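> structure of the sequence below:
(2 chains)
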Amino acid sequence: MSDVVAPEVRDLLPRQNGEVVFDAPWQGRVLAMAVGVVDGLGLEWDEFRQRLIAAIDDDPDRPYYESWTVALDDLVRTHVLRADAGPPP
Amino acid sequence: MSGDHHHPAPLTPVEERAAALEQLLVDKGIVTPEFIDQVVQAYAEDIGPMNGARVVARAWVDADYRERLLADGTAAIAELGYGGPEGDHIVVVENTPDVHNVVVCTLCSCYPWPVLGLPPTWYKSPPYRARMVREPRALLAEMGCPVPADTEIRVWDSSAEVRYLVLPERPAGTESATEDELAGLVTRDAMIGVARL
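Sure, this is the predicted structure:
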């Protein structure tokens, strides 16, 4: 998915506002995995978002990226593991 | 690639789960470690407050653009080439001397990624979500953003349907600044509404 950020846009961007947005590397990786699964399987982003909302709702005090991981796990179970039996058309 | 790094500390359960998911997705050929690195890099460095800053700077220098931005945020932001996951239905709310806008998501974490990058940790915290609704003036002051007593504070609750972006007031004394210079003044926090420029 090379269009995550188009190079022509990237070159225009001022950098003063840059900042670290992850507390730990795994947080960035679970973020990217969700993007990759949605993109790679041609799903709607909403498939992930609704799971994230449900995961947060399930345990509002759980750290954000842990809920994210729960949602990703569920997405993978539904669309990767269960789909193994018979691929969609 | 980080596969050859030595990890002296044991992985936490969530790190183990993340690593197992990554291994599975790589084995299935759905993602590659390089893809993950690339996305992380993009969100950490390229997508993010800088995009929103460019939107704000354009609105400050181009009255027609500002009007389009306030009328249809998503379309006007797309004009600059920004969009993607969580970028649908962005509504831009404008600060004025009389009104200060601030954004929260009481439900979970809704946030306009393509223009603001990933949400900061405090944005996702239950105390921020609860208090910004209940006592915005006190919380803003605590966050280093005192709002004048005669300025109305409007709190916007983001949802899966609508994401809000605050258009801050252009700082005084920037009349001769270029659009690029102006973009450099705009901070993420100002576009959430927890800072004033």
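> wait, B:Leu139 sits on B:Ala130?
No - using C-beta atoms under 8 Å, B:Leu139 is not in contact with B:Ala130; the gap is 9.6 Å. (C-beta placed from N, C-alpha, C; glycine too.)
> more neighbours: which of those two?
Comparing B:Leu139 with B:Ala130 by other C-beta atoms under 10 Å in any protein chain shown, the one with more neighbours is B:Leu139, at 21 against 13.
> hang on, that one in a helix?
Yes - the assignment for B:Leu139 is a helix, going by DSSP: H, G, I helix; E, B strand; the rest coil.
> between the two ends of stretch B:23-31, how far is it?
9 Å (C-alpha to C-alpha, to the nearest Å).
> element containing the closest residue to B:Leu24 other than its chain neighbours, please.
In space, and not counting its chain neighbours, B:Leu24 is closest to A:Val76: 6.8 Å by C-beta to C-beta, 6 or more residues apart in numbering or on different chains. Here A:Val76 sits within helix A:64-76, counting by DSSP states H and E.
> between the two ends of stretch B:174-192, how far is it?
Taking C-alpha to C-alpha, stretch B:174-192 runs 21 Å from one end to the other.
> equivalent analysis for stretch B:123-137, please.
Distance between the boundary residues of stretch B:123-137 (C-alpha to C-alpha) amounts to 16 Å.
> could you list the buried residues of that stretch?
B:Tyr123, B:Lys124, B:Tyr128, B:Arg129, B:Arg131, B:Met132, B:Pro136 (16 or more other C-beta atoms under 10 Å in any protein chain shown).
> just the residues you listed now: which is nearest A:Gln27?
B:Lys124 (11.4 Å; C-beta to C-beta).
> measure how buried the residue lying closest to that closest one once chain neighbours are set aside is and give me the count.
Spatial nearest neighbour of B:Lys124, chain neighbours left out: A:Tyr64 (4.3 Å); criterion: C-beta to C-beta, 6+ apart. By other C-beta under 10 Å, 20 other residues sit near A:Tyr64.
> hang on, A:Tyr64 packs against B:Tyr123?
No - using C-beta under 8 Å as the test, A:Tyr64 is too far from B:Tyr123 to be in contact (9.1 Å).
> good, we can wrap up now.
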